[in-house]
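Engineer: Would you be able to build a 3D model of this:
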Amino acid sequence: MYALKQGQANYSNQKDHPASIDPTVIRAAGQIYHTYCEVHPEICGQPSGVAINRYNHRGKVIFTNQPVLLPDECFIPLTQIESYMY
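Structural biologist: Residues are numbered from 1 along each chain as shown. Here you go, the predicted model:
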């Protein structure tokens, strides 16, 4: 029981203070988002960000607020992508 509560506490701390993300991963997420916007200009709806693999930089544009990620993936919010673009 204690281990379960400790694990939940660690998760909530990570959620409040996200780990720093490598700038190359953020730039790759920006490229994925930019390419998506060029290829699908007719899609309406505001994406929330990009789910991207930290190692091979493959990713997808995400439209939900709480995406389900694979172990090697991280979520880059659209606001963070836009701040690196300008």
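Engineer: does residue 81 really touch residue 25, like I thought?
Structural biologist: No: using Cβ atoms under 8 Å, residue 81 is not in contact with residue 25; the gap is 10.5 Å. Every C-beta, even on glycine, is put in place using the N, C-alpha and C of the backbone.
Engineer: So if I had to pick from the two, which one is more boxed in?
Structural biologist: residue 81 (21 against 18; other Cβ atoms under 10 Å).
Engineer: Quickly find the element holding that one.
Structural biologist: Assigned by DSSP states H and E, residue 81 falls within helix 78-85.
Engineer: Please apply the same query to residue 67.
Structural biologist: For residue 67, there is no helix or strand it lies in under DSSP H and E.
Engineer: Quick one: mean pLDDT over the helix holding residue 81.
Structural biologist: Helix 78-85 carries an average pLDDT of 84.
Engineer: Name the residues of it that are buried.
Structural biologist: For helix 78-85, burial by neighbour count (16 or more other Cβ atoms under 10 Å) applies to 78, 80, 81.
Engineer: now do stretch 50-64
Structural biologist: Neighbour-count burial for stretch 50-64 flags 50, 51, 52, 53, 59, 61, 62 (criterion: 16+ other Cβ under 10 Å).
Engineer: right, and the first one touches residue 32 too?
Structural biologist: Translated: residue 50. Yes: using Cβ under 8 Å, residue 50 is in contact with residue 32, at 5.3 Å.
Engineer: what sits in contact with each of the two?
Structural biologist: Here residue 50 and residue 32 have 59, 60, 61 as joint contacts, going by Cβ atoms under 8 Å, 6 or more residues apart in numbering.
Engineer: just curious, which of those residues is nearest to residue 38?
Structural biologist: Using Cβ to Cβ, residue 61 comes nearest to residue 38 of the shared contacts of residue 50 and residue 32, at 11.9 Å.
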